[in-house]
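> Kindly generate the corresponding structure for this input.
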Amino acid sequence: MQQASQDKVISIIGGDYFYPISILLETLFSFEEPNDVQETSVQTNHIQNGYSSAICLLLVAALESFLARFAYIKTSTQGETQKDFRENFKEKHPEFIYKKELDEIYVLRDCLIHNHLLTLDYNRLTMEKLKAEKDKRSGDKKYDQCVDSVTHKTKILELNVNPIRVDRHDVKKVIKIVKETLLFLEDKYKPQIQISDLMLRLSDSQDKKLLDILDHYSS
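Numbering: from 1, shown residues only. Here you go, the predicted structure:
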C-alpha cells in the first residue's frame, strides 16, 4: 500500500489580513472627510474613528505575522531568537531606516488594542482640546520614548495616541511604514516573504495588486 505523502505548513496568517484591510479602506475612504474636525479637536467622528482604528490594528497585526515568519526563518538558520518579533527584527537588521517609526506604529497598536486612557478637558462649543492627562495605568517604556507628552502624538510620524482622535491620516502613515517594512523583508528573504506579487480578489471580482491598493490609500 502506497504511503500518503506529507508536507508541512507554518501557521502564518500574513497576507490574508489584507482582504479585510482592503475592504475597510474602501469603505473608510468612501466617506467624506469630516470638515468640522480640527487639528486640536478632542476627537474625530465615530465612523472615521472606528474604521481608522480597525484598519491600523489589522495593518500592524499583518506586519506582526510577517515578522513572526521572519523569526521562524532566523530560528531555523541561526538558532533561538528573541520572543518579541519586532525587537528581534530590529536587532538583526540595524540598517533598516524606519526602526523608530516601526516602534511608533506599535505604540499606536497598543493604544488601540489596550484602549489607553486619557482624561481630556475640552471646550464644549468648539470641541477644542484644552488639557489631556494620561492615566497612570496606560502606556509603557516604548510609549514614553515615542510619545510627546504635550501633543499626545508620536514624535516622528505624529500619530494620534488619543484613541478617539485616530483618523484616516493615521491610517495613511501606518500603511507607509507597514509597506516599507514588508518590502525590506521581501528584498532580504524572498521567496519566504513576498508581497509584491500578492493579488487580492475583492467585492468587484477583479484581482487587484496589494501594493497598488496600499499606494492608492496612502497617497
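> mind listing what the residue most central in space within the chain touches?
Nearest to the mean C-alpha position of the chain, by CA atoms, centre = their mean, lies residue 60 at 3.2 Å. Counting by CB atoms under 8 Å, 6 or more residues apart in numbering, residue 60 touches 105, 106, 108, 109, 174, 178. Every residue, glycine included, has its C-beta placed from N, CA and C.
> most neighbours, which of those residues?
residue 108 (29 neighbours; other CB atoms under 10 Å).
> if we can go back for a sec, next step: the contacts of residue 60 restricted to helices.
Using DSSP state H, the members of the contacts of residue 60 that fall in helices are 105, 106, 108, 109, 174, 178.
> Tell me the one of those residues nearest residue 208?
residue 178 (17.2 Å; CB to CB).
> Quick check: residue 132 is in a strand.
Yes - counting by DSSP: H, G, I helix; E, B strand; the rest coil, residue 132 is found in a strand.
> ok, it touching residue 119?
Yes - using CB atoms under 8 Å, residue 132 is in contact with residue 119, at 7.1 Å.
> And the residue nearest to the centre of the chain, what's its pLDDT?
pLDDT recorded at residue 60 is 98.
> any idea how far it is from residue 69?
From residue 60 over to residue 69 the distance is 15 Å, taken as CB to CB, to the nearest Å.
> what's in contact with stretch 138-145?
103, 106, 107, 110, 111, 114, 116, 117, 118, 147, 161.
> Just the closest of the residues you listed to residue 206, please.
residue 106 (33.3 Å).
> For the closest one, which non-adjacent residue is closest in space?
In space, and not counting its chain neighbours, residue 106 is closest to residue 86: 6.0 Å by CB to CB, 6 or more residues apart in numbering.
> can you count the residues close to residue 189?
15.
> host element of the closest residue to it other than its chain neighbours?
Excluding its sequence neighbours, the residue lying closest to residue 189 (CB to CB, 6+ apart) is residue 73, at 6.0 Å. According to DSSP states H and E, residue 73 maps onto helix 46-78.
> Distance from the helix or strand that contains residue 187 to the middle of the chain?
Using DSSP H and E, residue 187 sits in helix 168-189. From the chain centre to the centre of helix 168-189 is a distance of 8 Å (CA atoms, centre = their mean, to the nearest Å).
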